[in-house]
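Enquirer: when you get a sec, could you give me coordinates for this:
(chains A and B)
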Amino acid sequence: AQRVTQPEKLLSVFKGAPVELKCNYSYSGSPELFWYVQYSRQRLQLLLRHISRESIKGFTADLNKGETSFHLKKPFAQEEDSAMYYCALQSGGSYIPTFGRGTSLIVHP
Amino acid sequence: GAVVSQHPSWVICKSGTSVKIECRSLDFQATTMFWYRQFPKQSLMLMATSNEGSKATYEQGVEKDKFLINHASLTLSTLTVTSAHPEDSSFYICSARARADNEQFFGPGTRLTVL
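Expert: Modelled structure (predicted):
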């Protein structure tokens, strides 16, 4: 069975501080991992996916198969980064998604 | 980018009645649509996966006779909450995916309140 763990329910930082939102997964095959973000009063939207290897809004995430992690990082947090972040895994023949419980990021001025 | 709409955005109904929620992919064909339930300050709970032209696959613990899902076309899926009760009050979110290896595009959600 596949599982996604986001250990932090809440992460609170000050503007300009580095941010790391943790995501660990368990899956025996080759996973496809995503980070979705939900800003206040907005719908969930894709932030980034590991196969694209992009940096979106200053965020990056590297898939570490040895540690089964896909942590989301940003060197300097901005107030507009405050949102709910969900790590998701999608794999297997049916590509059924599994979401972590989400981490609420609050960036203080 | 791809857009997914949901209708209605909110609904209030009496206990015992049925409510239908529509999910549409506006500018792409969705081979798969997902229905989620989101509780306050909690994660998304996948309820079912809906593939066009076939029966929905329900997650464990989700009553298929209570939450009827129809995916009649590549752009429309509906969720009908039958004989709704107050405990069914929640935020229901759909998402759509064009291909199995694509990301999901989410609808804005529907707030259901059962009195």
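Enquirer: drop to CA atoms for contacts and neighbour counts, all remaining ones
Expert: OK.
Enquirer: low-confidence stretches in the chain?
Expert: As the question left the chain open, I've gone with chain A. Residues of chain A meeting the criterion pLDDT under 70: A:92-94.
Enquirer: my question was about chain B, not that one.
Expert: Using pLDDT under 70, the flagged stretches of chain B are B:1, B:101.
Enquirer: which one is the residue of it at minimum distance from chain A nearest to, not counting chain neighbours?
Expert: Residue of chain B nearest chain A, by CA to the nearest CA: residue B:43 (4.4 Å). Using CA to CA, 6 or more residues apart in numbering or on different chains and skipping residues adjacent in sequence, the residue nearest residue B:43 is residue A:101, 4.4 Å away.
Enquirer: show me what contacts the one you found?
Expert: By CA atoms under 8 Å, 6 or more residues apart in numbering or on different chains, the contact list for residue A:101 reads A:5-6, A:9, A:86, B:42-44.
Enquirer: same question, residue A:25
Expert: Neighbouring residues of residue A:25 by CA under 8 Å, 6+ apart: A:2-5, A:68-70, A:89.
Enquirer: now residue A:77
Expert: A:13-19, A:107.
Enquirer: can you tell me what sits against stretch B:46-59?
Expert: Against stretch B:46-59 from outside (CA under 8 Å, 6+ apart): A:96, A:98, B:30-37, B:62, B:64, B:69-74, B:77.
Enquirer: residue 6: neighbour count?
Expert: If you meant another chain, say so; for now it's chain A. 20 (other CA atoms under 10 Å in any protein chain shown).
Enquirer: wait, chain B was what I had in mind.
Expert: Around residue B:6 there are 23 residues (other CA under 10 Å).
Enquirer: what's the helix or strand for the residue in chain A positioned nearest to chain B?
Expert: Nearest residue of chain A to chain B, counting by CA to the nearest CA: residue A:101, 4.4 Å away. For residue A:101, there is no helix or strand it lies in under DSSP states H and E.
Enquirer: now the most centrally placed residue in chain B. Nearest residue, chain neighbours left out?
Expert: Nearest to the geometric centre of chain B sits residue B:35, at 3.6 Å (CA atoms, centre = their mean). The shortest distance from residue B:35 to any non-neighbouring residue, by CA to CA, 6+ apart, is to residue B:94 (4.5 Å).
Enquirer: and the one you found, what does it touch?
Expert: Contacts of residue B:94 by CA under 8 Å, 6+ apart are B:6, B:23, B:33-36, B:106-107, B:109.
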